[in-house]
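>>> For reference, the sequence and a predicted model appear below.
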Amino acid sequence: MTRDATVAHAVGRYLGALEDRHPSTARAHRWALTDLARVLGEEPLPRVLAGEPLGLWLTAPTGAGREPSPATVRQRATAARALVRFALDERLVGPGAADDALEVLRRPATPPVVRDTAPARVLVARALGRRPHGVSHHVWIRFRAHVLTLADTGAHERDLGRACVTDLADDRAGLVLQGTRHAVGETTRHAMTAWLASRAELVATLQGTPPPQLWVRAHPSVHPRTGAVAAVGMPITARGLRKAFQDVVAALVDGDPRLARCTVAHVRALAHGAGTVRPTAPTVAPDSP
């Protein structure tokens with residue numbers, strides 16, 4: 001065994017042997033282990049693998065100084081496990097150090113994903129205001145109901161996309177999603193009532209029985225692969241809801257740059273996070289022409 005092997009030496013040898021790996025795996029391992037060598041390259045490999053440094057590196061800030069996401073930590077751990085096995089095969093470390101390292105890497109401590117809800121609070125307040133330029137009336141009414149429902153329920157789009165009009169309470173104060181009833185606030189109730197009126201206008205353009213889904217299209221769309229046309233009033237998918245959300249937020253960013261990084265996940269976090277400040281106005285603000 002090469003007792004004086006450093007982390008940089010082991011990483012260099014491992015990265016040189018990546019030709020047989022799938023390109024995506026090779027890229028991921030190269031990215032993670034290059035960072036390991038940057039941080040601990042001069043340290044003896046057995047000491048790093050058998051001690052605390054490896055665990056600290058897993059959750060260390062990224063090169064940009066940001067806290068690592070759970071995906072980053074998992075990617076680091078996967079690459080490090082491959083390095084440990086390589087080092088053991090190449091006799092760069094002994095079985096004891098390898099076992100210690102694999103125990104650390106088996107369940108890496110992933111940092112919690114903490115979403116800043118400040119942009120989402122701004123968006124909720126903005127959703128009660130005037131329609132931005134370039135966004136149609138029906139899209140804006142749907143967006144407002146969508147955003148407020150997200151903020152009240154914390155539900156994922158895949159659940160919202162399955163919701164039917166019959167899942168709404170008669171007084172619009174509750175919505176059943178996947179068998180669970182979610183209460184919504186007064187503002188959301190009024191926004192949902194406005195959306196139902198707008199929805200009725202959209203589905204009235206269809207022939208035959210109107211769809212039961214709560215969320216429907218405000219514009220026709222063409223499937224990029226099949227060319228199939230989805231008409232106005234037809235159900236909108238979870239992906240379509242997210243895309244519509246992104247399009248309206250992009251239109252709002254011109255007036256308020258704070259919204260640039262706001263996603264549906266940030267709005268969902270309002271339902272679970274502390275310090276949420278919700279607008280209390282019981283009525284929907286008038287729309288602009």
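That came through fine.
>>> and Arg158, what is it in contact with?
Taking Cβ atoms under 8 Å, 6 or more residues apart in numbering, we find Arg158 in contact with Ala238. Heads up, the C-betas are built off the backbone N, CA and C, glycines and all.
>>> what's the offset of stretch 35-54 from the middle of its chain?
Put simply, stretch 35-54 sits 32 Å off its chain's centre (Cα atoms, centre = their mean, to the nearest Å).
>>> CA atoms only: put it into CSV for me.
Extracted in CSV, the C-alpha atoms of stretch 35-54 (Å, rounded to 0.1, in the frame of the first residue of the first chain):
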residue,chain,number,x,y,z
ASP,A,35,-13.2,20.0,-6.0
LEU,A,36,-12.1,17.5,-3.4
ALA,A,37,-8.5,17.7,-4.7
ARG,A,38,-8.8,21.5,-4.6
VAL,A,39,-9.8,21.5,-0.9
LEU,A,40,-7.8,18.5,0.5
GLY,A,41,-5.3,17.7,-2.3
GLU,A,42,-2.2,17.9,-0.1
GLU,A,43,-3.6,15.8,2.7
PRO,A,44,-2.7,12.1,3.1
LEU,A,45,-5.5,10.0,1.5
PRO,A,46,-5.9,7.5,4.4
ARG,A,47,-6.3,10.3,7.0
VAL,A,48,-8.9,12.1,4.9
LEU,A,49,-10.9,9.0,4.3
ALA,A,50,-10.7,7.6,7.8
GLY,A,51,-11.4,10.9,9.6
GLU,A,52,-13.6,14.0,9.8
PRO,A,53,-12.3,15.9,6.7
LEU,A,54,-14.3,13.8,4.2
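>>> ok, and what's touching that stretch?
For stretch 35-54, using Cβ under 8 Å, 6+ apart, the contacting residues are 3-12, 57, 60, 62-63, 76, 79-80, 83-84, 87, 92-94, 96-98, 100-101, 104-105.
>>> Any of those residues buried? List them.
Among those, the ones that count as buried by 16 or more other Cβ atoms under 10 Å are 5-11, 57, 60, 76, 79-80, 83-84, 87, 92-93, 97-98, 100-101, 104-105.
>>> Now go through those and say which are in strands.
Among the buried ones among the contacts of stretch 35-54, DSSP state E puts none in strands.
>>> which stretches of the stretch 101-250 of the chain form helices?
118-127, 137-153, 157-160, 186-203, 238-253 (DSSP state H, counting those that start in this stretch).
>>> Select, out of those, the one closest to Asp170.
helix 186-203 (11.2 Å; Cβ to Cβ).
>>> average pLDDT across that closest one?
The pLDDT scores in helix 186-203 average 95.
>>> Could I get the CA-only coordinates of that helix as CSV?
Extracted in CSV, the C-alpha atoms of helix 186-203 (Å, rounded to 0.1, in the frame of the first residue of the first chain):
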residue,chain,number,x,y,z
GLU,A,186,-60.8,34.6,1.8
THR,A,187,-58.5,36.2,-0.9
THR,A,188,-58.0,32.8,-2.5
ARG,A,189,-61.7,32.1,-2.4
HIS,A,190,-62.5,35.3,-4.3
ALA,A,191,-59.7,34.6,-6.8
MET,A,192,-61.0,31.1,-7.4
THR,A,193,-64.6,32.4,-7.9
ALA,A,194,-63.3,34.8,-10.5
TRP,A,195,-61.4,32.0,-12.2
LEU,A,196,-64.5,29.8,-12.4
ALA,A,197,-66.4,32.6,-14.2
SER,A,198,-63.5,33.0,-16.6
ARG,A,199,-63.2,29.2,-17.0
ALA,A,200,-66.9,29.1,-17.9
GLU,A,201,-66.3,31.5,-20.8
LEU,A,202,-63.4,29.4,-22.0
VAL,A,203,-65.1,26.0,-22.0
